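Engineer: Sequence first, predicted model second:
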Protein chains: 2
Amino acid sequence: MIKILKTQGNARRGVFETVHGTAQTPAFMNVATCGAIKGGVSALDLKDVNCQIQLCNTYHLHVRTGDKTIKELGGLHEFTRWDGPILTDSGGFQVFSLANLRKIKEEGVNFSSHIDGRKIFMGPEESMQIQSNLASTIAMAFDECVENPSEYEYSKQSCERTTRWLYRCKDEMERLNSLHDTINKKQMLFGINQGCVYDDLRIEHMQKIVELDLDGYAIGGLAVGEPKEDMYRIISAVEPYMPKDKPRYLMGVGTPGNIIQGVKRGVDLFDCVMPSRNGRHGHLFTKQGIININNIKYEKDLLPIDPECDCPVCRNFSRSYIRHLFKAKEMLALRLCVMHNLYFYNMLMQDIRDAIDNDTFDEFAERNTDLYDKRI
Amino acid sequence: MIKILKTQGNARRGVFETVHGTAQTPAFMNVATCGAIKGGVSALDLKDVNCQIQLCNTYHLHVRTGDKTIKELGGLHEFTRWDGPILTDSGGFQVFSLANLRKIKEEGVNFSSHIDGRKIFMGPEESMQIQSNLASTIAMAFDECVENPSEYEYSKQSCERTTRWLYRCKDEMERLNSLHDTINKKQMLFGINQGCVYDDLRIEHMQKIVELDLDGYAIGGLAVGEPKEDMYRIISAVEPYMPKDKPRYLMGVGTPGNIIQGVKRGVDLFDCVMPSRNGRHGHLFTKQGIININNIKYEKDLLPIDPECDCPVCRNFSRSYIRHLFKAKEMLALRLCVMHNLYFYNMLMQDIRDAIDNDTFDEFAERNTDLYDKRI
């Protein structure tokens, strides 16, 4: 359940309560793929960058170290030492994008691990079992994320199968939550809307999955890289059919501008590898636009990455030092940049929340949507 | 100057005062080659691992980003944001080991940068100028570090040249410290004892360099990798000729056992890449010996790296999680392990200081010299 404190247009300012603490929404989930943010950022650092929710990838944790081992070790919270909410994805997206030799059947998917080629079967039940072992706060439904664009007919059939899979996910999650040795017996399940770029499929699918009365609903298949016109149109198309009292999650999105526009259309939760991935390349978000710290013009620049930022990196280190660290191939460069970018994203959400609280969100969106995405 | 508070045999417990703060000795200097500890450890983290003195490499900073740029940026303290003492080496060791096409003349050394092949000349004056630009607390004399073993006659001639170079270093450092735009006008200069494995050359050289009444004296050419019998014999041979009121520094040493034995023979300062380099490979120092965290036996181990350690890593993370991070090739693995190992070294020095204070150093050395170096 999400408690909506305030709205401005479709933008929602809420409080999302979980067994692992409360998140103020709109919120950005920080992506710790293998149980750690890439770039050497620990769960302790996540507190310093104002992270509210950590996201971990089911597929990666299943193939390396393994969910059963992590269960024995007390679950993801004990393992990573992050004590706030954790969302795990279903593993489906990675199965369809990373793994080899996939074959989709009604039961689920056969694939080979991208690490050691080991043959693995994953269906709705397996995905729920793995996520239950990981003991995340929120499990995501196992779905097929079709390529974009896919044919209408294939998209329709895939959607229908994803709906059938969702019923199996719900049944299995209820069973797992009732077992005596389950770590998180209140694990939530979010359904995922699919339907490619076809509004009618999207709406029909949303209507069907809402019938299951799950803990939250996500919009899948619109991650960064897809045309943003499709993204915005589809959010606006399906939003009226999403329950008002459940959190809404736009998966894999996006740029700061995408997030602002997602909030404007009624979304509460976001996740994206962009802040950490771009950070590792020295592409840094600031309130003036995106800078590339490798640029020679920063060689003797004593300013912090963003003079308007008060993150632990900007409070201490100069552009010139960080540029030097990249040139010297020092790992610290990556860490500092990832931390700054995550802080930027988490503070962007804070600014968005403040703007909704103050009835100034429309102006905020107008002013910053393009500005924050611009390379300067 | 060093103030000796207490001795036990040749072991000295002292206080070394500098313009950038005081170090309790014996002390270990933490190696931040390019102005950052490899493994993603920042100057802020150095405080958390109880570092007292940071060591930076003159050669690396000269060829990448450049000492003149760093001077413009306010010197190494401003640049790296480490506010305690910083020691810079002379660049000589890297010139002789890393760079190409070296040719040694009386004036100095011609070599090519290992980064871009750029031809560089470095002699005593250039080394002092670079270190003055970097504005470290302590500059090291420019010396030739001969290969071990080298012929007696070559070692003797090299020693004599190193002594002549030392006079030029001292003159140049005095000149630089008197310039109006020098950042650290109280930069100290340490001389370096050479003489390969020949006790008579070592003693003769030590006697000659002590005549210059420098701020401290180092024993060079005995770094980790050289036979430890030579190391211990030579320290014992030259120690009686070293001033009692000046800090003594054993360069590039070593294992925990080497350090304990160095202290026993009268050394105050140490540095080594071992804690950071070994950490990056998952080889971790503990009070029970050295463990390899990649070992399968740690897969489900909920204990910290060292149950007797209270470093930020051991207070938070398990062996199983750190092993997982290595398997998943997560940079965080390296960072956590480097931090633990540096903390181990810095706390080893604390334990050594406590033992001298309590007149229990001999028992401490007896008990731990082999134990801490043993792979378990």
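Structural biologist: Perfect, I can see it now.

Engineer: Flag every residue of the stretch 1-150 of chain A that's near chain B.
Structural biologist: Proximity of the stretch 1-150 of chain A to chain B, by C-beta under 8 Å from any C-beta of the partner chain, involves residues A:34-44, A:60, A:64-65, A:69, A:72-74, A:79-81. For every residue, glycine as well, the C-beta is placed using N, CA and C.

Engineer: can we see that at 6 Å?
Structural biologist: Residues of the stretch 1-150 of chain A lying close to chain B (C-beta under 6 Å from any C-beta of the partner chain) are A:34, A:36, A:39-40, A:42, A:64-65, A:72-73, A:79, A:81.

Engineer: The lowest-mean-pLDDT helix or strand in chain A pairs with which strands, parallel or anti?
Structural biologist: Sorting the helices and strands of chain A by mean pLDDT, DSSP states H and E puts strand A:100-104 at the bottom, at a mean of 75. Here strand A:100-104 is paired, per DSSP bridges, with strand A:109-112 (antiparallel).

Engineer: which residues are in contact with the strand it pairs with?
Structural biologist: By C-beta atoms under 6 Å, 6 or more residues apart in numbering or on different chains, the surrounding residues in contact with strand A:109-112 are A:95, A:99-103, A:119-122.

Engineer: quick one: average pLDDT of it?
Structural biologist: Taken as a whole, strand A:109-112 has an average pLDDT of 90.

Engineer: Identify each buried residue in the helix or strand just after that strand, please.
Structural biologist: Past strand A:109-112, further along toward the C-terminus, the next helix or strand under DSSP states H and E is strand A:119-122. By neighbour count on 16 or more other C-beta atoms under 10 Å in any protein chain shown, the buried set for strand A:119-122 is A:120, A:122.

Engineer: mind showing which ranges of the stretch 1-150 of chain A have poor pLDDT?
Structural biologist: Low-confidence segments of the stretch 1-150 of chain A (pLDDT under 70): A:99, A:101.

Engineer: now A:K300: how far from B:D116?
Structural biologist: 20 Å (C-beta to C-beta, to the nearest Å).

Engineer: Comparing these two, which shows the higher neighbour count?
Structural biologist: A:K300 (15 against 8; other C-beta atoms under 10 Å in any protein chain shown).

Engineer: what sits against the more buried one?
Structural biologist: Here A:K300 is in contact with A:320, B:72 (criterion: C-beta under 6 Å, 6+ apart).

Engineer: Can I take it that it is in a helix?
Structural biologist: No: A:K300 is assigned coil when assessed by DSSP: H, G, I helix; E, B strand; the rest coil, not a helix.

Engineer: Now the most centrally placed residue in chain A: closest residue in space that isn't a chain neighbour?
Structural biologist: The centroid of chain A falls nearest to A:D271 when counting by C-alpha atoms, centre = their mean (2.3 Å). Leaving aside its chain neighbours, A:D271 sits nearest to A:M29 (4.0 Å; criterion: C-beta to C-beta, 6 or more residues apart in numbering or on different chains).

Engineer: what lines up beside whatever helix or strand that neighbour lives in in the sheet?
Structural biologist: Per DSSP H and E: A:M29 is located in strand A:27-31. The strands beside strand A:27-31 in its sheet (DSSP bridges) come out as strand A:53-56 (parallel), strand A:269-271 (parallel).

Engineer: For the residue of chain A lying at maximal distance from its centre, give its distance to A:S320.
Structural biologist: Farthest-out residue of chain A from its mean C-alpha position, per C-alpha atoms, centre = their mean: A:K300, at 36.2 Å. From A:K300 over to A:S320 the distance is 6 Å, taken as C-beta to C-beta.

Engineer: And the helix or strand that contains A:R335, what does it pack against?
Structural biologist: According to DSSP H and E, A:R335 maps onto helix A:331-357. Judged by 3 or more C-beta pairs under 6 Å, 6 or more residues apart in numbering or on different chains; DSSP states H and E, helix A:331-357 is in contact with strand A:11-18, strand A:27-31, helix A:274-280, strand A:283-286, helix A:319-327.

Engineer: so for whichever helix or strand comes after that helix, what's the average pLDDT?
Structural biologist: Counting by DSSP H and E, the element after helix A:331-357 in chain order, helix or strand, is helix A:361-368. The average pLDDT within helix A:361-368 is 98.

Engineer: show me what contacts A:I235?
Structural biologist: A:R265.

Engineer: Please repeat the previous calculation with a cut-off of 7 Å.
Structural biologist: A:219, A:250, A:262, A:265, A:267 (C-beta atoms under 7 Å, 6 or more residues apart in numbering or on different chains).

Engineer: Repeat that for A:L325.
Structural biologist: By C-beta under 7 Å, 6+ apart, the neighbours of A:L325 are A:332-333, B:36.

Engineer: What is the burial count for the residue lying closest to it once chain neighbours are set aside?
Structural biologist: Residue nearest to A:L325 in three dimensions, not counting chain neighbours: A:A333, with 3.5 Å by C-beta to C-beta, 6+ apart. Residues near A:A333, counting by other C-beta under 10 Å, number 25.

Engineer: Helices of the stretch 101-250 of chain A, start to end?
Structural biologist: Using DSSP state H, counting those that start in this stretch, the helices of the stretch 101-250 of chain A run over A:124-134, A:152-177, A:199-210, A:228-238.

Engineer: picking that back up, for the residue nearest to the centre of chain A, what are its contacts?
Structural biologist: A:28-29, A:31, A:55, A:251-252.

Engineer: neighbour-wise, which of the contacts of A:I235 leads?
Structural biologist: Counting by other C-beta under 10 Å, top hit in the contacts of A:I235: A:L250 with 29 neighbours.

Engineer: Doesn't A:I4 lie inside a helix?
Structural biologist: No: read with three-state DSSP, A:I4 is strand and lies in no helix.

Engineer: Please tell me how far it sits from A:Y241.
Structural biologist: 17 Å.

Engineer: Please identify the deepest-packed of the helices and strands packed on helix A:331-357.
Structural biologist: Among the helices and strands packed on helix A:331-357, the stretch with the highest mean neighbour count (mean count of other C-beta atoms under 10 Å in any protein chain shown) is strand A:27-31, at a mean of 25.

Engineer: Please report phi then psi for the residue in the stretch 51-200 of chain A positioned nearest to chain B.
Structural biologist: Ranked by C-beta to the nearest C-beta, the top residue of the stretch 51-200 of chain A for proximity to chain B is A:T65, at 4.4 Å. Dihedral pair for A:T65: phi 80, psi -40, per degrees, to the nearest 10.

Engineer: Could you check how far the residue nearest to A:D271 is from chain B?
Structural biologist: Going from A:M29 to chain B by C-beta to the nearest C-beta, to the nearest Å gives 18 Å.

Engineer: check contacts around that residue.
Structural biologist: With C-beta under 7 Å, 6+ apart, A:M29 has these contacts: A:53-55, A:87, A:269-271.

Engineer: so which of those comes closest to B:E366?
Structural biologist: Using C-beta to C-beta, A:Q54 comes nearest to B:E366 of the contacts of A:M29, at 47.5 Å.

Engineer: Roughly how far does the closest one sit from A:R164?
Structural biologist: In terms of C-beta to C-beta, A:Q54 sits 30 Å off from A:R164.

Engineer: ok, those two, which is more surrounded?
Structural biologist: Ranked by neighbour count (other C-beta under 10 Å), A:Q54 and A:R164 place A:Q54 first, with 28 against 12.
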